[in-house]
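> with the sequence up front, the predicted model follows.
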Amino acid sequence: MTDDRMMRRFSGHSHAGAHETTPVIQLDGALVTVSVDDDGTLWTCDLVGGACAKRDLELDAAGPEDDWYYENGVWDEDDPDEDERPKFEADDIVSALTVAHLDGRPVVVTGGGRFDLSIPEHWDLIGGAVRVWDLRTGRKIGKTLTGHGLGVCSLTTVASDQGLIAVSSCENGKLLAWNLTREGERVAEIEGSYNGGMGAGLVDGRPVAVIGGHDDFLQAWDLFCGEQIGKSLAGIKNLARAIAITEVNGRTVVVAGGDDEAVNRWDLTTQEPIGSPMTGHTDTIATLGTAHVAGRTIAVTGSNDGTTRVWDLASGRQIGAPFTGHHLQMVTKIAGTPVAVTQSSDDIRVWDLTLATR
């Protein structure tokens with residue numbers, strides 16, 4: 001039986017690598033999913049027409065700049081092999097992946113895993129780096145952005161009036177932000193909770209990141225001034241893995257889920273919880289997106305229990321029956337219609353959220 005909420009289904013288009021989610025972006029007039037195979041093949045699949053295209057990532061350019069090798073003692077002035085750069089493998093450098101438009105150009109932003117920067121005889125350098133790639137060509141753009149020390153576990157971008165901001169958090173809890181429009185200029189460095197989630201967005205025109213992890217609270221940070229916003233957001237159990245910032249009836253709301261299997265809400269202005277946690281999932285909530293549909297603000301959550309669920313953030317109630325057998329990848333729009341994109345081992349499905357919320 002076909003679910004009438006499903007708009008499209010594409011089989012054979014799951015090109016997953018080390019990254020857990022498959023983001024979606026507008027590319028040359030088409031809405032496409034983006035993924036990178038373990039061998040470094042960059043795939044785009046048209047969500048409307050269904051066709052897929054591939055190109056190779058420029059892995060030979062994945063290393064840091066020359067001065068990084070000198071500063072970290074990998075090379076010295078008399079090193080005869082300074083041009084023999086280490087080889088970087090796709091499954092090390094693409095443990096996290098997101099997409100954005102940088103100065104009008106569609107790009108892929110990747111976060112490296114724990115062994116991303118590992119170099120023989122220099123194992124102390126291991127740790128995730130952030131890189132930007134041209135989605136059309138697979139060529140690397142700008143510098144390799146380093147500083148985490150361990151693998152990237154959360155990665156996103158925020159389009160601000162000062163440029164496109166890349167925000168990443170890693171296994172040891174460090175959150176870093178860079179202005180990609182300004183050649184990767186470092187914007188913020190914040191110490192958070194290790195192995196946790198992170199979400200970011202614009203609040204009153206300023207990029208804000210909310211971080212969580214092995215603590216029983218979240219923290220919201222203004223990335224431009226590097227200061228925490230108010231007190232910590234209490235009441236969630238660890239680990240918090242999926243976090244979003246949205247607006248509900250005129251107030252800024254933080255939404256989060258994780259290992260406690262519930263969807264939690266806070267008013268960002270007061271830092272106080274909103275209502276009771278929303279329950280229904282029976283395993284970890286790993287992905288989360290929000291949308292405004294027919295005058296309501298909704299959250300869509302993907303869980304390791306094999307379901308994707310829709311929630312009304314004002315009432316605190318689940319809407320309709322869950323989508324089963326698939327995991328949420330992203331909430332976006334197709335021709336102005338808010339949709340949820342889900343994926344299984346062998347296909348991608350697109351769900352009409354206007355139908356899902358009736």
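Cool, got the structure.
> quick one: the helices in the stretch 101-250 of the chain?
Counting by DSSP state H, counting those that start in this stretch, the stretch 101-250 of the chain has no helices to list.
> now do the strands in it.
Using DSSP state E, counting those that start in this stretch, the strands found in the stretch 101-250 of the chain span residues 105-111, 130-134, 140-145, 152-160, 163-170, 174-179, 185-191, 198-203, 206-211, 217-222, 227-228, 233-234, 240-248.
> comparing those strands, which comes out most buried?
strand 163-170 (a mean of 27; mean count of other C-beta atoms under 10 Å). C-betas here are computed from N, CA, C, even on glycine.
> for the residue nearest to residue 213 when sequence neighbours are not counted, list the residues it contacts.
The shortest distance from residue 213 to any non-neighbouring residue, by C-beta to C-beta, 6 or more residues apart in numbering, is to residue 196 (2.2 Å). Neighbouring residues of residue 196 by C-beta atoms under 8 Å, 6 or more residues apart in numbering: 153-154, 169, 173, 211-215, 238-241.
> one more pass at 7 Å, please.
169, 211-214, 239-240 (C-beta atoms under 7 Å, 6 or more residues apart in numbering).
> please apply the same query to residue 66.
Counting by C-beta under 7 Å, 6+ apart, residue 66 has no contacts.
> okay, it and residue 93: tell me how far apart.
Going from residue 66 to residue 93 by C-beta to C-beta, to the nearest Å gives 18 Å.
> please apply the same query to residue 140.
In terms of C-beta to C-beta, residue 140 sits 10 Å off from residue 93.
> what do those two both touch?
62, 131.
> burial of residue 127, as a residue count?
23 (other C-beta atoms under 10 Å).
> in the stretch 151-300 of the chain, where is pLDDT below threshold?
Judged against pLDDT under 70, the stretch 151-300 of the chain has no low-scoring part.
> relative to residue 165, how far out is the residue lying closest to residue 147 once chain neighbours are set aside?
With sequence-adjacent residues excluded and distances taken as C-beta to C-beta, 6+ apart, residue 147 is closest to residue 176, at 5.5 Å. Relative to residue 165, residue 176 is positioned 11 Å away (C-beta to C-beta).
> residue contacts, residue 127?
Counting by C-beta under 7 Å, 6+ apart, residue 127 touches 114, 116-117, 148-151.
> hang on, I meant residue 251
267, 269.
> just residue 125 next, same as before
By C-beta under 7 Å, 6+ apart, residue 125 lies in contact with 72, 117-119.
> which two in the residues you listed are spaced the farthest apart?
72 and 118 (12.2 Å; C-beta to C-beta).
> so which of these two has more stuff around it?
residue 118 (18 against 15).
> and the closest residue to that one other than its chain neighbours, what's its pLDDT?
In space, residue 118 comes closest to residue 126 once its chain neighbours are excluded; the distance is 4.4 Å by C-beta to C-beta, 6+ apart. On pLDDT, residue 126 comes in at 85.
> and if you look at residue 10?
pLDDT for residue 10: 75.
> the one 10 residues further on now?
The per-residue pLDDT reported for residue 20 equals 80.
> wait, residue 234 touches residue 217, no?
Yes: using C-beta atoms under 7 Å, residue 234 makes contact with residue 217 at a distance of 4.7 Å.
> quick check: beta-bridge partners of residue 30?
residue 27 (DSSP bridges).
> can you get me a residue count around it?
Using other C-beta under 10 Å, residue 30 is surrounded by 15 other residues.
> that one and residue 52, how far apart?
Noted for residue 30: a distance of 11 Å to residue 52, by C-beta to C-beta.
> dump the residue contacts of residue 333.
So residue 333 contacts residue 339 (C-beta under 7 Å, 6+ apart).
> any idea what it is bridged to?
Under the criterion DSSP bridges, residue 333 forms beta bridges with residue 338.
> what does residue 34 give?
Note on residue 34: beta-bridge partners by DSSP bridges are residue 44.
> let me know whether it touches residue 23 as I believe.
Yes: Residue 34 is within contact range of residue 23, at 5.5 Å (criterion: C-beta under 7 Å).
> between these two, what contacts are shared?
Between them, residue 34 and residue 23 share these contacting residues under C-beta under 7 Å, 6+ apart: residue 99.
> the more surrounded of those two?
Using other C-beta under 10 Å as the criterion, residue 34 and residue 23 rank with residue 34 on top: 24 against 21.
> quick one, what contacts the more buried one?
Residue 34 is in contact with 22-23, 25, 44, 99, 108, 135, counting by C-beta under 7 Å, 6+ apart.
> pretty sure residue 60 is in a helix, no?
Yes: counting by DSSP: H, G, I helix; E, B strand; the rest coil, residue 60 falls inside a helix.
> apart from its neighbours in sequence, what residue is nearest it?
residue 85 (7.7 Å).
> max-length helix in the protein?
helix 66-71 (DSSP state H).
> list the buried residues for that one?
Neighbour counts over helix 66-71 (16 or more other C-beta atoms under 10 Å) mark 68-69 as buried.
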